[in-house]
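Engineer: Sharing a model prediction with you, sequence too.
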Amino acid sequence: MDDTQTLSGINPADRLNAAHAASVEARDIPALLNDLGRRARQAARRLSIATAAEKEAALRAMAACIRARSGAILAANAEDLAEARPKGQTPAFLDRLTLDRERLEGIAAAVESIAALPDPVGRVLTSFERPNGLLIERVATPLGVIGVIFESRPNVTADAGALCLKAGNAAILRTGSESFRTASAIAEAMGEGLAQAGLPSDAIRLVPTRDRAAVGTMLSGLDGNIDVIVPRGGKSLVARVQEEARVPVFAHLEGLCHVFVHDKADLDMAKRIVLNAKMRRTGICGSAETLLVDKACAATHLKPLVAMLLDAGCAVRGDAAVLAADPRATPASGEDWRTEYLDAIISAKVVDGLDGAIAHIETFGSHHTDSIVTDDVAAAERFMAEVDSAIVLHNASTQFADGGEFGFGAEIGIATGRMHARGPVGVEQLTSFKYRIRGSGQTRP
């Protein structure tokens with residue numbers, strides 16, 4: 001009996017154990033994943049012609065199944081947490097891993113919000129007529145099969161699967177080992193919803209093994225059955241994917257985000273934005289990791305900003321000016337300016353005006369999300385023009401770097417590269433296009 005039969009011919013309650021057994025028994029990982037790829041390709045063909053109503057119905061059924069299976073999903077999550085805690089994981093990591101009923105409801109609601117989005121497939125992106133009478137249209141089409149490799153964030157399982165489906169794509173998902181049980185339970189619920197709606201359950205599949213060899217196999221392209229890879233995680237994961245992938249990659253590099261408090265910043269506004277950007281949720285990619293303060297306002301702004309962060313429980317690692325402003329701060333090393341903490345830690349320094357801020361961000365940043373706080377519109381416009389990041393903000397928190405906040409419903413991640421998709425990758429970014437040409441008998445001379 002092959003792995004497909006093993007995983008589909010047992011009780012749903014036993015599937016997590018069967019999936020785990022697949023890795024324990026050291027099965028043939030390439031054969032397992034290549035079969036997954038073939039079935040995903042077949043599912044993608046069906047999805048490419050699915051109507052908007054069919055996809056919407058499937059997404060709503062998936063959300064309902066996530067809610068119906070909440071007990072099993074939360075139980076799986078409790079097991080993942082029990083395994084992760086003794087390993088000394090950081091509080092921020094455990095926070096990302098943790099689900100409760102409120103967060104699980106948020107996951108289901110996000111799937112429903114994707115269902116309610118306009119169908120991105122079939123959109124006429126442009127149309128024009130040539131002098132010879134040919135009518136040419138550029139029309140949005142699905143990408144095909146998308147491989148998503150992500151670290152231990154259970155919500156990504158639902159977000160990625162739902163976004164791919166809405167855009168007419170099949171998804172092969174590979175989660176971090178720490179969230180394997182939780183992600184498996186969520187993927188199982190989504191597959192059940194697909195089947196209820198009459199679409200192939202193979203359209204969303206989680207790689208049924210923790211074996212690290214599965215990542216390398218996915219990066220090979222699964223015999224041509226994966227069209228694009230989306231990595232969502234830290235620098236080491238993204239670097240490996242970019243180095244080894246034999247298919248196109250949407251790069252989602254680390255979120256080394258900055259807030260620059262300009263000379264003309266209102267102090268009260270700056271305090272609100274900096275505190276939110278760092279401390280609202282420290283473990284997300286839009287969390288600010290570096291605070292830059294203009295030398296021209298350091299005398300009035302630096303001490304209150306640093307004290308506010310320290311009082312809120314955030315460790316501050318700073319330059320000499322920061323250390324002088326508050327003795328509770330500790331010295332920053334050269335590595336701190338390049339570190340995505342994902343924790344209640346921030347690096348801080350005084351810079352020489354707008355030029356100094358832009359130079360620092362371009363030297364140390366990851367081109368993810370950066371914000372300027374200022375009442376000077378000209379300075380803000382220059383900052384947003386010259387900082388080459390996927391998202392730049394004026395007088396707003398970096399934590400708005402989120403597909404839901406953009407009105408996209410959800411996102412697979414924030415793409416920091418410059419090709420195809422950049423910024424929040426939602427349903428529109430998960431499409432390609434083709435040209436439709438209508439003639440009336442034209443031939444080329």
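Structural biologist: Great, that's in hand.
Engineer: now for the host helix or strand of Ala183, which elements pack on it?
Structural biologist: Element membership for Ala183 (DSSP states H and E) is helix 180-196. For helix 180-196, the packing partners by 3 or more Cβ pairs under 8 Å, 6 or more residues apart in numbering; DSSP states H and E come out as helix 15-24, helix 52-68, helix 70-84, helix 154-166, strand 204-206. No exception for glycine: its C-beta is placed from N, CA and C like everyone else's.
Engineer: So what's the residue count around Gly407?
Structural biologist: 10 (other Cβ atoms under 10 Å).
Engineer: now do Asn132
Structural biologist: 11.
Engineer: how about Leu173, secondary structure?
Structural biologist: strand (DSSP: H, G, I helix; E, B strand; the rest coil).
Engineer: burial count for it?
Structural biologist: Using other Cβ under 10 Å, Leu173 has 26 neighbouring residues.
Engineer: confidence score at it?
Structural biologist: Predicted confidence (pLDDT) for Leu173: 97.
Engineer: Next up, the contacts around Lys100.
Structural biologist: No Lys there; residue 100 is Asp. Asp100 makes contacts with Leu74, as judged by Cβ atoms under 8 Å, 6 or more residues apart in numbering.
Engineer: So what angle separates the directions of the helix holding Ala183 and helix 154-166?
Structural biologist: Put simply, helix 180-196 runs at 30 degrees to helix 154-166, going by axes from the mean of the first three to the mean of the last three Cα atoms, to 10 degrees.
Engineer: returning to what we had before: in CSV, list the helices and strands packed on helix 180-196 along with mean pLDDT.
Structural biologist: Shown next, in CSV, are the helices and strands packed on helix 180-196 (pLDDT from 0 to 100):
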stretch, mean pLDDT
helix 15-24, 44
helix 52-68, 98
helix 70-84, 96
helix 154-166, 94
strand 204-206, 97
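Engineer: Mean neighbour count, those: which tops it?
Structural biologist: helix 154-166 (a mean of 29; mean count of other Cβ atoms under 10 Å).
Engineer: and Ile372, which of the helices and strands packed on helix 180-196 is closest to it?
Structural biologist: helix 154-166 (29.1 Å; Cβ to Cβ).
Engineer: Quick one: list the elements packing against the closest one.
Structural biologist: By 3+ Cβ pairs under 8 Å, 6+ apart, helix 154-166 packs against helix 52-68, helix 101-115, strand 145-150, strand 170-174, helix 180-196, strand 204-206, strand 228-232.
Engineer: at 7 Å what do you get?
Structural biologist: helix 52-68, helix 101-115, strand 145-150, strand 170-174, helix 180-196, strand 204-206 (3 or more Cβ pairs under 7 Å, 6 or more residues apart in numbering; DSSP states H and E).
Engineer: ok, back up a step: nearest to Arg281, of the helices and strands packed on helix 180-196?
Structural biologist: helix 154-166 (12.2 Å).
Engineer: Name the surrounding residues that touch the closest one.
Structural biologist: Residues outside helix 154-166 that contact it (Cβ atoms under 7 Å, 6 or more residues apart in numbering) are 47, 55, 58-59, 62, 66, 77, 97, 99, 107, 110-111, 114, 117, 146, 148, 150, 170-171, 173, 175, 179, 182-183, 186-187, 190, 203-204, 206, 232, 410-412, 426-427, 430.
Engineer: Confirm that Ser347 sits in a strand.
Structural biologist: Yes - under three-state DSSP, Ser347 falls within a strand.
Engineer: Can you flag the buried ones in the contacts of helix 154-166?
Structural biologist: 47, 55, 58-59, 62, 66, 77, 97, 99, 107, 110-111, 114, 117, 146, 148, 150, 170-171, 173, 175, 179, 182-183, 186-187, 190, 203-204, 206, 232, 410-412, 426-427, 430 (16 or more other Cβ atoms under 10 Å).
Engineer: in this structure, which segments are predicted with low confidence?
Structural biologist: Of all residues in the chain, those with pLDDT under 70 make up the ranges 1-27, 252-253, 409-410, 419.
Engineer: Residue ranges of each domain in it, please.
Structural biologist: Domain assignment of the chain by automatic domain parsing yields the ranges 3-252+424-432, 257-406.
Engineer: Buried residues in the helix holding Ala183, which are they?
Structural biologist: Per 16+ other Cβ under 10 Å, helix 180-196 contains these buried residues: 180-196.
Engineer: If you compare the directions of the longest helix along the chain and strand 145-150, what angle comes out?
Structural biologist: When the chain is parsed with DSSP state H, its longest helix is helix 29-48. If you take the same axes, to 10 degrees, helix 29-48 sits at 120 degrees to strand 145-150.
Engineer: what residues does helix 29-48 touch?
Structural biologist: Contacts of helix 29-48 (Cβ under 7 Å, 6+ apart): 2-4, 22, 142, 144-145, 165, 168-170, 172, 199-200, 202-203, 205, 207, 209, 211, 213-214, 217-218, 222-223, 225-226.
Engineer: again, only using 8 Å
Structural biologist: Contacts for helix 29-48 (Cβ under 8 Å, 6+ apart): 2-4, 22, 55, 121, 141-142, 144-145, 165, 168-172, 199-200, 202-203, 205, 207-209, 211, 213-214, 217-218, 222-223, 225-226.
Engineer: chain center to it: distance?
Structural biologist: On the basis of Cα atoms, centre = their mean, to the nearest Å, helix 29-48 sits 23 Å off its chain's mean C-alpha point.
Engineer: Please find the angle between the direction vectors of it and strand 170-174.
Structural biologist: Inter-element angle recorded for helix 29-48 and strand 170-174: 150 degrees (by the same axes, to 10 degrees).
Engineer: follow-up on the earlier one: please save the CA atoms from the helix holding Ala183 in CSV.
Structural biologist: Taking C-alpha atoms only, helix 180-196 is exported to CSV below (Å, rounded to 0.1, in the frame of the first residue of the first chain):
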residue,chain,number,x,y,z
PHE,A,180,3.5,19.7,12.8
ARG,A,181,0.5,18.3,14.8
THR,A,182,-1.3,21.7,14.8
ALA,A,183,-0.7,22.3,11.1
SER,A,184,-1.8,18.7,10.2
ALA,A,185,-5.0,19.1,12.1
ILE,A,186,-5.8,22.4,10.3
ALA,A,187,-4.9,21.0,6.9
GLU,A,188,-7.1,18.0,7.6
ALA,A,189,-10.0,20.3,8.3
MET,A,190,-9.4,22.3,5.1
GLY,A,191,-9.3,19.1,3.1
GLU,A,192,-12.6,18.1,4.5
GLY,A,193,-14.1,21.4,3.5
LEU,A,194,-12.8,21.1,0.0
ALA,A,195,-14.4,17.6,-0.3
GLN,A,196,-17.7,18.9,1.0
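Engineer: Would you check the distance separating it from the middle of the chain?
Structural biologist: Worked out by Cα atoms, centre = their mean, helix 180-196 lies 19 Å from the chain centre.
Engineer: The closest residue to Glu411 other than its chain neighbours and Met190, how far apart?
Structural biologist: Among residues not flanking Glu411 along the chain, Gly403 sits closest, at 2.8 Å (Cβ to Cβ, 6 or more residues apart in numbering). Distance, Gly403 to Met190, by Cβ to Cβ, to the nearest Å: 18 Å.
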